[in-house]
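Student: here's my sequence, what's the structure:
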Amino acid sequence: MGFVSSGAGGASYRAFDLRAAGVVVLALGLAACFSENPHLCTSRQIMGADNKCWSEYVVRLDSVGFIPDRVKLASYKGGSALFNVRKEDDGTVVFSDTSRAVHNADTDEDLAVADFSAVIEPGAYYVEVPDIGESPRFRIGVDVYNAAFRAAFLGLHGQRCGTAVSFRYDGADFSHGACHLHDALLTHATGENVVRDTLGGWHDAGDYGKYTVNGAFAVAFLLNAWAHFRPVMESLVLPIPEQGGTIPDLLDEARWQLAWLSTTQFPDGSATHKVTALDFEGMVAPVQDTQARYYAPTGTAATADLAAIMAMAARIYEPYDPAFSESCSAAAERSYAYLQTHLQDQPPDLSQFHTGGYTTRDADDRLWAAAEMWETTGSPDALADFEGRAANESILSEWDWSNLQNLGLFTYLLSARPGRNEQLVKKLESSAIAAADRIAASAEAHGYGRGLGGGYYWGINGTVARATLNLQVAHRIDPQTRYLDAAVQQLGHLFGRNYYGRSFVTGVGHYPAANPHHRPSVAAQKIWPGLLVGGPWPKAADWVDSASDYKTNEVAINWNAALLYALAGFVTPDGAPQGLRAPR
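Tutor: Predicted coordinates:
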């Protein structure tokens, strides 16, 4: 059998002839064989969705690499057998063992799992199963995820709106001009047919809308990465225009989104639900999207999320930019005060809009807002608000923008502030451990290390990445190594240890996603790097690597931000690797 390709078919793959665009897709030094003629692929190669020949590897693993002291697993179709780990340069066998058989119910495959965790010496290797086949080449080292982190960071940075974007990645230039400079009309929010400044922020996904609920949710993962892994995050030199200023680079990127979020607030503290056109734009470059864009009406979910993220930002930015911190604090206070006088869920009227909804009931958003307000201000009223809302809640194993209560519960659990209800703390700690244990147990039992059981739905890859926040929080409460091992298994699943044997992140790893539903990539016929695609659903075999398949191959900032958090836990403070340079 060997490599399992996407079901999109050759015709849709050829929609983007990347040779004509002069693009070279980065494989991070892993084995890929590019042919000038796609019809000349050898019998041991596959003509990929990017019109390139990729070596056919039947052993599937994290093609980015492995950390020396973490679990190392590979999977292949077949039964238990002897496997070898060989050095890439001379083929020397450094480890041999017998794989274990497992039936993977969600993919309906009989698999074998090879465990080579004992191999810890830094270097380049591959896994060989005699009479079966080999794996992509991979590296073992403490810094194996550094390049992937920077790629995913650029994937998010490339979503900037309202400014020109330009960066260089693996020898190729990516850019677009300043876009959406007339955001946005108040017509559908206040009835005024005038433009109010709401420039900046990140384009939400493959489209060019900007959504308050998902926008706050996404940037929260950058701020949590900062809070949880600050010593390393603070040291990173990242390829953005603000590089080297008084604010650390990661926080500069987050600030671009936070500054936009501040413009979504109205004088009474309420927040617009989104800023978009009335209909989705065509598959055009950002600067070519010139249709009118509008503030949507306000809603209490968006208002609560604005209060939460601004309160969080206020405490994080205070050491670096007190004035910005104070503005965030004031915005948080206004929105939180609005919530206290508008106690009922108020969904926005989006009947005039045919763009993304992100509509959700506001109970979980209010819980998050109360937690962040208390953590930032120490307000006993905010603490009582949070504890009242959290009393009957538990930690979710699988979650997304539609229920983000975990953000509030985790803030409370990890707080060093006095005054918490110890009974509630113990209850939530037990819940957090139980959720992490479910994720870890699933990862340990699953043939591809997936920690979410057998469910597949829209944006499943983002949920896989997001599970690492559960695992990292649990590790802070109870430092079991299985939580960190499960976390790297989620990364491994996204980078190639999956049904397809491919990386789901553009430009990263072996045979990465090549045709994302991403307007800048489509318009330029050039794959923007570092973008995590949504992934297969409703079944594991349903991913289609086609730009027209928005259901499985779109990108989104909340998925990329979750991937950044997942990687941040394993990044080292080393300098940027070759191929990723600061702007010229």
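
Student: how far away from the center of its chain is stretch 538-557?
Tutor: 15 Å (C-alpha atoms, centre = their mean, to the nearest Å).

Student: mind listing what's buried along that stretch?
Tutor: 540, 542-547, 549-557 (16 or more other C-beta atoms under 10 Å). Glycine gets a C-beta too; all of them are placed from N, C-alpha and C.

Student: end-to-end on that stretch?
Tutor: Start-to-end span of stretch 538-557 (C-alpha to C-alpha, to the nearest Å) is 22 Å.

Student: picking up where we left off before, nearest to Tyr57, of the buried residues of stretch 538-557?
Tutor: Of all the buried residues of stretch 538-557, Tyr57 sits closest to Asp545, with 16.9 Å by C-beta to C-beta.

Student: phi first, then psi, for that closest one.
Tutor: Backbone torsions of Asp545, given as degrees, to the nearest 10, read phi -80, psi 70.

Student: ditto for the one 3 residues further on
Tutor: According to degrees, to the nearest 10, the main-chain angles of Ser548 amount to phi -80, psi -10.

Student: and for Asp173?
Tutor: Dihedral angles (degrees, to the nearest 10) for Asp173: phi -100, psi 140.

Student: stretch 52-59: how far from the chain's middle?
Tutor: Distance of stretch 52-59 from the chain centroid (C-alpha atoms, centre = their mean) equals 26 Å.

Student: sorry, back to before: looking at the buried residues of stretch 538-557, which are in helices?
Tutor: 550-553, 557 (DSSP state H).

Student: list just the nearest of the buried residues of stretch 538-557 to Gly453.
Tutor: Ala540 (11.7 Å).

Student: quick one: the closest one and Thr107 touch, right?
Tutor: Yes: the pair Ala540 / Thr107 is scored as a contact, 4.5 Å apart, by C-beta atoms under 8 Å.

Student: and this protein, what are its domains?
Tutor: Annotated domains of the chain cover 60-140, 146-568 [automatic domain parsing].

Student: mean confidence score for the last one?
Tutor: Right, the one you point to is domain 146-568. With pLDDT averaged residue by residue, domain 146-568 scores 97.

Student: need the distance between the two termini of it.
Tutor: Using C-alpha to C-alpha, the two ends of domain 146-568 sit 9 Å apart.

Student: circling back: would a markdown table of the domains of the chain with distance to Cys41 be doable?
Tutor: Output for the domains of the chain, formatted as a markdown table (distance: least, C-beta to C-beta, whole Å):
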| stretch | distance to Cys41 |
| --- | --- |
| domain 60-140 | 16 |
| domain 146-568 | 13 |
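
Student: show me what stretch 379-386 is in contact with.
Tutor: 336, 366-367, 370-371, 373-374, 408, 412, 419-420 (C-beta atoms under 8 Å, 6 or more residues apart in numbering).

Student: ok so, going back, out of the domains of the chain, which is closest to Gln45?
Tutor: domain 146-568 (10.6 Å).

Student: which residues of the stretch 51-200 of the chain fall in helices?
Tutor: Applying DSSP state H, counting those that start in this stretch to the stretch 51-200 of the chain gives helices spanning 146-157, 187-190.

Student: of those, flag the one that's most buried.
Tutor: When those are scored by mean count of other C-beta atoms under 10 Å, the highest mean neighbour count falls to helix 146-157 (a mean of 26).

Student: what about the strands in the stretch 101-250 of the chain?
Tutor: Along the stretch 101-250 of the chain, counting by DSSP state E, counting those that start in this stretch, strands occupy 109-115, 123-129, 133-134, 138-140, 165-169, 172-176, 210-211.

Student: nope, the stretch 251-400 of the chain is what I meant
Tutor: Under DSSP E, counting those that start in this stretch, the stretch 251-400 of the chain gives strands at 271-272, 274-276, 294-295, 298-299.

Student: how far away from the center of its chain is the third one?
Tutor: Which is strand 294-295. Relative to the chain's own centre, strand 294-295 is displaced by 27 Å; criterion: C-alpha atoms, centre = their mean.

Student: repeat that for the last one.
Tutor: Once both centres are worked out by C-alpha atoms, centre = their mean, strand 298-299 turns out to sit 26 Å from its chain's centre.

Student: what do you get for the second one?
Tutor: For strand 274-276, the separation from the chain centroid amounts to 21 Å (computed by C-alpha atoms, centre = their mean).

Student: contact partners of it?
Tutor: 183-184, 198, 201, 207-213, 264, 293-296, 302, 350, 353, 355-356, 358.

Student: quick one on the thing from earlier: same list (the contacts of stretch 379-386) but as TSV, adding distance to Ala514 and neighbour count.
Tutor: Formatted as TSV, those follow (distance: C-beta to C-beta, whole Å; neighbours: other C-beta atoms under 10 Å):
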residue	distance to Ala514	neighbour count
Tyr336	45	27
Arg366	41	27
Leu367	40	27
Ala370	44	30
Ala371	40	29
Met373	44	28
Trp374	46	26
Gly408	38	26
Tyr412	42	25
Gly419	52	10
Arg420	49	17
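
Student: now do Ala311 against Leu261, distance only.
Tutor: According to C-beta to C-beta, to the nearest Å, Ala311 stands 12 Å off from Leu261.

Student: settle it for me: which of those two has more neighbours?
Tutor: Of the pair Ala311 and Leu261, Ala311 is the one with more neighbours under other C-beta atoms under 10 Å, namely 30 against 25.

Student: residue contacts, the more buried one?
Tutor: 328-329, 332, 336, 369, 372-373, 375-377.

Student: still on that earlier bit, closest to Ala220 among the buried residues of stretch 538-557?
Tutor: For those, the nearest to Ala220 is Ile557 (11.1 Å; C-beta to C-beta).

Student: quick check: the closest one vs Tyr211, distance?
Tutor: 9 Å.

Student: what does Phe138 give?
Tutor: 37 Å.

Student: okay, Arg14: pLDDT?
Tutor: 21.
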